[in-house]
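A.B. asks: here's a sequence, model it:
(2 chains)
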Amino acid sequence: MNIVNQIKSLVIKGLTDLYGQQFNESELTVSTTKPEFEGDYTLVLFSFVKQLKKSPEQLGKDIGEALAKNNPDFFTGYNVIRGFLNLTISDNYWINFLQANYEDEKFGSKPANGRKVMVEYSSPNTNKPLHLGHLRNNFLGWSVAQILKQNGYGVIKSCIVNDRGIHICKSMIAWQLFANGATPGSTHTKGDHFVGEYYVKFNDEYKRQVGELMALGKTKDEAEKEAPIMKGTQQMLLDWEAGKPEVTNLWKKMNGWVYEGFEVTYKRIGSDFNIMYYESDTYLLGKQSVEEGLAKGVFIKKEDGSVWADLTDLGLDEKLVLRKDGTSVYMTQDLGLAQNKYEQFHYDESIYVIGDEQNYHMKALKLILKKMNKPYADGVYHLSYGMVELPTGRMKSREGTVVDADDIIEEMVNVAKKKTEELGKVKDFTGEELIGLYDTIALGALKFFLLRVDPKKRMIFNPEESIDFHGFTGPFVQYTHARIKSILRKQSGVGSRESGVSSLLKLEKDLIILLEQYPTIIEQAAIEHNPSVIAIYVFILAKSFNTFYTEHSVMNAESEEKKQLRLKLSAMTANVIASGMGLLGIKVPERM
RNA sequence: GGCCCGGUAGCUCAGUGAAUAGAGCAAUUGCCUUCUAAGCAAUAGGCCAUUGGUUUGAAUCCAAUCCGGGUCACCA
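C.D. replies: Take a look at the predicted model:
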């Protein structure tokens, strides 16, 4: 049991003994004591002042005295200031805690709880390379999956690839028109970038044709409809659906190029999946769900044949689930895919990592599933995240302001390299070790930057400032880890016997108190589906260690016993940092 | 216009019912012959968008208003 719950249960017992009244844990507020007061944890007294008809001061005195008297090994002091009871926990408790956990690399992880969660993330389009927004999605999805695993859930990572549709045909048409048979190989271009270039070429040509038609007197609407390249694209989509071999072959070839490119990026950023879904397989799914919905009276068919879900009773609008020509829309596929996934895995929860522009769509999906009485409807959870914007506003592919994923990683690596060379601490590293270190630091900086902010908030990426390795950053935390490892190396490990110390200095205790909170933190991160909780924690922990480190020497501690204690404290801090960063998908180096 | 999300230091963000609202960056100033200075310490910076309400207690809950964003497609 964590310390807060221990305190709460002792307080509840104390209140019952003193006043014969029962209280619930949720009625108590226990938090760490503010640094300007004496004590470790604080009980807020106001909440039961009324019920017990005593002044806060009197209550605090009574409870404090009872707690100290009944648990002399646990509480070693208390004081009451205004409505707050500040409790001091015995140094022995903290020392024992450290002794019991310092070498547990799994500290904070929970045994399997038998619950199954699917996490769908990444969801790329095969017409252009990944950009900064995709990175936020990938890092979030991977991290949330990892956090849930650590909390005992069975996790299945999935990815739905948007591999068909009009946008893919655009790249294909442009390739036919302009490529002259060029390939990624012949141009030495990464496959996804290669295809992305043709998507851009399509848009340029389309714009040119529209302009030409408008110059001939057409309205904008007419010009957009009549532009030959757009007509060609629409025809191509029909041909694709009809399975015309020359179209499907080109489609396979170009998607293959994109997958080769994605593979490289995924490998580099550490994204992996247990199961891939392709829209080209799933886009026809869901029609059965539509039939089912119609039969159940959840959907309505209009005169033109289109099918709708009426959500107006829930404050939403009517939502189209099938076109009048009987073809699928986005929602049709999502209904089908949800059903499909559930039949395959029988998940308890299905998390969709998707941008917040789809809040409405995902809300509608969940409500429709509920109306259809699907057992998995309640388990649908939209992990909605905000857009990554530039200081100048939204990234727009048309304006070339999109921050490409591979480019930004490359830039980070270069900065990491430059910085590492300037500091000159790892001159003995082999070339391979150096490359590994640059990658660790660069990706650590990038992942930490994108994960440290609450997912649902949109965030601003300022290229000038965001590539920083100081302060609230990944490299700061990594550095602290390397620093500790350096001490441990020089001490050839930590002795396992008890340190024999009976009292703690303030900075030592501060660190242990933080370490004790780690399991609670990862539990909270799992409940909230929010990795930023861990990023913030791990930063505070590293900062706290650095303060301790500059104030007290480990190697030249006042006594051998103190040295043992501090070695354990250092070792446990390193373990928790490595574990927490691991949950964010960030490696920590032994040296940097 | 309806619905949803946000507004906290110059900038980027924590804090969602509790004590005098916190970090990082940027600014100013100290600290490397002692375990890694990618560090530590200090100074300065706030009408928590506005107004009203609930409460012993409000940045946090409620209502209204203002500002910014998203969405309301037979697009995905």
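
A.B. asks: look up how far A:I300 lies from the closest residue to A:N546 other than its chain neighbours.
C.D. replies: With sequence-adjacent residues excluded and distances taken as C-beta to C-beta, 6 or more residues apart in numbering, A:N546 is closest to A:T480, at 6.0 Å. Every C-beta, even on glycine, is put in place using the N, C-alpha and C of the backbone. A:T480 sits 60 Å away from A:I300, going by C-beta to C-beta, to the nearest Å.

A.B. asks: who's in contact with the residue nearest to A:N546?
C.D. replies: Listed by C-beta atoms under 8 Å, 6 or more residues apart in numbering, the contact set of A:T480 reads A:542, A:545-546, A:573, A:577.

A.B. asks: contact residues of the stretch 1-150 of chain A facing RNA strand B?
C.D. replies: By the rule C-beta under 7 Å from any atom of the strand, the part of the stretch 1-150 of chain A lying against RNA strand B is A:29, A:33-34, A:36-37, A:39, A:42, A:44, A:46-47, A:50, A:81-84, A:86, A:125.

A.B. asks: looking at these, which are in helices?
C.D. replies: Counting by DSSP state H, the part of those found in helices is A:K50.

A.B. asks: generate a ChimeraX selection restricted to the buried entries among the residues of the stretch 1-150 of chain A next to RNA strand B.
C.D. replies: Entered in ChimeraX, the line below selects the buried ones among those, by 16 or more other C-beta atoms under 10 Å:
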select /A:33,39,42,81,83,84,86,125
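
A.B. asks: returning to that earlier point: and the contacts of A:T480 near RNA strand B, which?
C.D. replies: Counting by C-beta under 7 Å from any atom of the strand, the members of the contacts of A:T480 near RNA strand B are A:N546.

A.B. asks: would you list the buried entries among the contacts of A:T480?
C.D. replies: Here, 16+ other C-beta under 10 Å leaves A:542, A:545, A:573, A:577 buried among those.

A.B. asks: wait, is the third one part of a helix?
C.D. replies: Yes. Counting by DSSP: H, G, I helix; E, B strand; the rest coil, A:T573 falls inside a helix.

A.B. asks: looking at this, A:S384 is in a helix?
C.D. replies: No. Going by three-state DSSP, the assignment for A:S384 is strand, not a helix.

A.B. asks: distance of the nearest residue to it once chain neighbours are set aside relative to RNA strand B?
C.D. replies: Excluding the flanking residues, the one nearest A:S384 by C-beta to C-beta, 6+ apart is A:D356, at 4.4 Å. Separation of A:D356 from RNA strand B (C-beta to the nearest atom of the strand, to the nearest Å) stands at 6 Å.

A.B. asks: how far does the helix or strand harbouring A:F194 sit from its chain's centre?
C.D. replies: Assigned by DSSP states H and E, A:F194 belongs to helix A:191-215. Taking the mean of its C-alpha atoms, helix A:191-215 sits 35 Å from the chain's own mean (C-alpha atoms, centre = their mean, to the nearest Å).

A.B. asks: quick one, the host helix or strand of A:E241 and helix A:191-215 angle?
C.D. replies: Element membership for A:E241 (DSSP H and E) is helix A:228-242. Per axes from the mean of the first three to the mean of the last three C-alpha atoms, to 10 degrees, the angle that helix A:228-242 makes with helix A:191-215 is 130 degrees.

A.B. asks: name the SS class of the closest residue to RNA strand B within chain A, please.
C.D. replies: RNA strand B sits closest to A:G471 of chain A, with a gap of 2.0 Å, by C-beta to the nearest atom of the strand. Put simply, A:G471 is coil when judged by three-state DSSP.

A.B. asks: phi, psi of it?
C.D. replies: phi 80, psi -140 (degrees, to the nearest 10).

A.B. asks: distance of it relative to A:V144?
C.D. replies: For A:G471, the distance to A:V144 - C-beta to C-beta - is 25 Å.

A.B. asks: the more surrounded of these two?
C.D. replies: Taking other C-beta atoms under 10 Å, A:G471 and A:V144 do not tie; A:V144 has more neighbours (27 against 9).

A.B. asks: quick check on the closest residue in space to that one that isn't next to it in sequence: phi, psi?
C.D. replies: Closest residue in space to A:V144, ignoring its immediate chain neighbours: A:H529 at 5.3 Å, by C-beta to C-beta, 6+ apart. Phi and psi for A:H529, reported as degrees, to the nearest 10, are phi 50, psi 50.

A.B. asks: tell me the contacts of A:L316?
C.D. replies: Each residue near A:L316 by C-beta under 8 Å, 6+ apart is listed here: A:360, A:363-364, A:367.

A.B. asks: mind redoing it with 7 Å?
C.D. replies: A:L316 sits next to A:364, A:367 when contact means C-beta atoms under 7 Å, 6 or more residues apart in numbering.

A.B. asks: again, but for A:I173
C.D. replies: Neighbours of A:I173 in contact, by C-beta under 7 Å, 6+ apart: A:202, A:229, A:232-233, A:236.

A.B. asks: which of these has the most neighbours?
C.D. replies: A:F202 (25 neighbours).

A.B. asks: residues of the stretch 251-400 of chain A that sit close to RNA strand B?
C.D. replies: Residues of the stretch 251-400 of chain A lying close to RNA strand B by C-beta under 7 Å from any atom of the strand are A:279, A:302, A:304, A:306, A:315, A:317, A:320, A:323-325, A:329-330, A:356-361, A:387, A:394.

A.B. asks: now, of the residues you listed, which are buried?
C.D. replies: Of these, these count as buried by 16+ other C-beta under 10 Å: A:279, A:306, A:320, A:329-330, A:356, A:387.

A.B. asks: part of a helix, is A:G585?
C.D. replies: No. Judged by three-state DSSP, A:G585 forms no part of a helix; its state is coil.

A.B. asks: where does the stretch 401-550 of chain A dip in pLDDT?
C.D. replies: Counting by pLDDT under 70, the stretch 401-550 of chain A shows low-confidence ranges at A:492-499.

A.B. asks: what segments of it are strands?
C.D. replies: Assigned by DSSP state E, counting those that start in this stretch, the stretch 401-550 of chain A shows strands spanning A:459-460.

A.B. asks: which residues in the stretch 101-250 of chain A form strands?
C.D. replies: Under DSSP E, counting those that start in this stretch, the stretch 101-250 of chain A gives strands at A:116-120, A:154-161.

A.B. asks: any buried residues in the first one, and which?
C.D. replies: Neighbour counts using 16+ other C-beta under 10 Å place A:116-120 of strand A:116-120 among the buried residues.

A.B. asks: which other helices and strands contact that strand?
C.D. replies: Strand A:116-120 sits against helix A:132-150, strand A:154-161, helix A:330-345, strand A:349-355, with contacts defined as 3 or more C-beta pairs under 7 Å, 6 or more residues apart in numbering; DSSP states H and E.
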